[in-house]
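In: Take a look and give me a structure for this.
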Amino acid sequence: MEFTIHNEILLSVFAIAAVMGAIANKTNFCTMGAVSDWINMEDKGRLRAWLLAIAVALGGVLVLEATGKVNLSGMTFPPYRTANFAWLRYLLGGAMFGIGMTLASGCGNKTLVRIGGGNLKSLVVLAIASIMAYFMLWSDFYGIVFDSWMAPLAVNLGTFGAKSQTVDAVIGGLAGIESTDTLHLIVGAVIVVSLLAYAFASAEFRANRDNILGGAVIGLAVVAGWYLTGGATGTEWKEWAEMADVPPSRVEVQSFTFISPMGDSVRYLTHPGNFSLINFGIAALAGVIVGSFLYAIITRKFRIEWFVNLGDFANHALGAVLMGVGGVLAMGCTVGQAITGISSLAVGSILAFVSIVAGAVATMKYQYWKMMREA
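Out: Got it, this is the predicted structure:
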């Protein structure tokens, strides 16, 4: 069997994702946990790690674009920079995902990491979230339930002079600035410096090597994904796909996100003989699980965990439904939008990030209120 550029891309993605999974397991990198620590214990260590990941990813993309190593100005998956600003998708989908990940004890990436560590509860979450993501992506469910009333509410930023939804393009469109390349670098640099300053302002964070390692590695992995698909190798990959007898799935400029790949995985499993359906996202999903599993086995931290009771199952099942639906609706998760998306400087990604956090915070506040009332 010929080893093609497509195989090379998928193998590289799998390897990068395996490192992500191992490091996320080692450092306990968890976006839901970051919000929980902040709200319930006033501990911002993991929140700073998350912000560090965003800063590293954004900084890396700024450098790659400025040096001409990658080009994200065209179509990407998801379409982060599209001028069609589907603001309600980001708001509602983000809130749904934030609620869901809180009920399910972790976001998409953490669910995969937990599975690698032996958590069977997360395996159930993965199955349910994947099925819901499949319905959103590959059936009429999204069109019937959401698109019919959401699409008309989307805003075409082109009418305001913005060529895309990057922060600089929106500012430039409103201010009548024709070229925003320099502004893009300035805005991006200000955000990177601000996030780094906030993260490292804490002496406790600076002393925590795991938080620094987790944030840095996750951020660099996102940069690597963009470099792999948005640079010279990505161009060769797309040219190969155009000539292939059976074009493979999702040969587009992209980086790491974990909800849509869950839906794509179900699609592949319904046609297991069609290897062209194995794409970047599926390779990433498998890589995180394998990396986490290998770390858990090597360190003897592999532990089987199951639901405590029926209520525990119900919470996780409902959370999984909301994650699958909300993640696709918002066009990304706490990695796909809050790190990968923000690295493109898309306004929608920032809005989705805020909505995810708001949904998680509201759910945690409700859970605390309910616990106190029942005490």
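
In: and residue 70, what is it in contact with?
Out: Contacts for residue 70 (CB atoms under 8 Å, 6 or more residues apart in numbering) come out as 61, 64, 226-227, 230-231, 234, 253. Every residue, glycine included, has its C-beta placed from N, CA and C.

In: In the chain, where's the longest helix?
Out: Identified as the longest helix of the chain according to DSSP state H is helix 347-374.

In: Can you list the buried residues in it?
Out: 347-361, 363-364 (16 or more other CB atoms under 10 Å).

In: same deal with stretch 66-82?
Out: 70, 72, 76-82.

In: so how far is it from its chain's centroid?
Out: 16 Å (CA atoms, centre = their mean, to the nearest Å).

In: now do the same end-to-end measure for it.
Out: 20 Å (CA to CA, to the nearest Å).

In: Strands of the stretch 151-300 of the chain, start to end?
Out: 155-156, 253-254 (DSSP state E, counting those that start in this stretch).

In: And for stretch 284-304, what's in contact with it?
Out: The contact list for stretch 284-304 (CB under 8 Å, 6+ apart) reads 13-26, 109, 112-120, 225, 256, 258, 261-262, 265.

In: Pull out the buried members of these.
Out: By neighbour count, with 16+ other CB under 10 Å, these hold 13-14, 16-26, 109, 112-119, 225, 256, 258, 261-262, 265 as buried.

In: Do you know the pLDDT at residue 177?
Out: In this model, residue 177 is scored at 87, pLDDT.

In: Run a quick neighbour tally on it.
Out: Residue 177 has 14 neighbours, counted by other CB atoms under 10 Å.

In: Nearest residue to it in space, ignoring adjacent ones along the chain?
Out: residue 183 (6.8 Å; CB to CB, 6 or more residues apart in numbering).

In: ok, residue 213 - contacts?
Out: So residue 213 contacts 23, 26-27 (CB under 8 Å, 6+ apart).

In: Can you lay out those residues as JSON lines showing distance to residue 130?
Out: Listed next are the contacts of residue 213 as JSON lines, based on distance: CB to CB, whole Å:
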{"residue": "23", "distance to residue 130": "24"}
{"residue": "26", "distance to residue 130": "26"}
{"residue": "27", "distance to residue 130": "26"}
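
In: Filter these down to the ones in helices?
Out: 23, 26-27.

In: Can you tell me which of the residues you listed is nearest residue 131?
Out: Closest approach to residue 131 among those (CB to CB): residue 23, at 28.7 Å.
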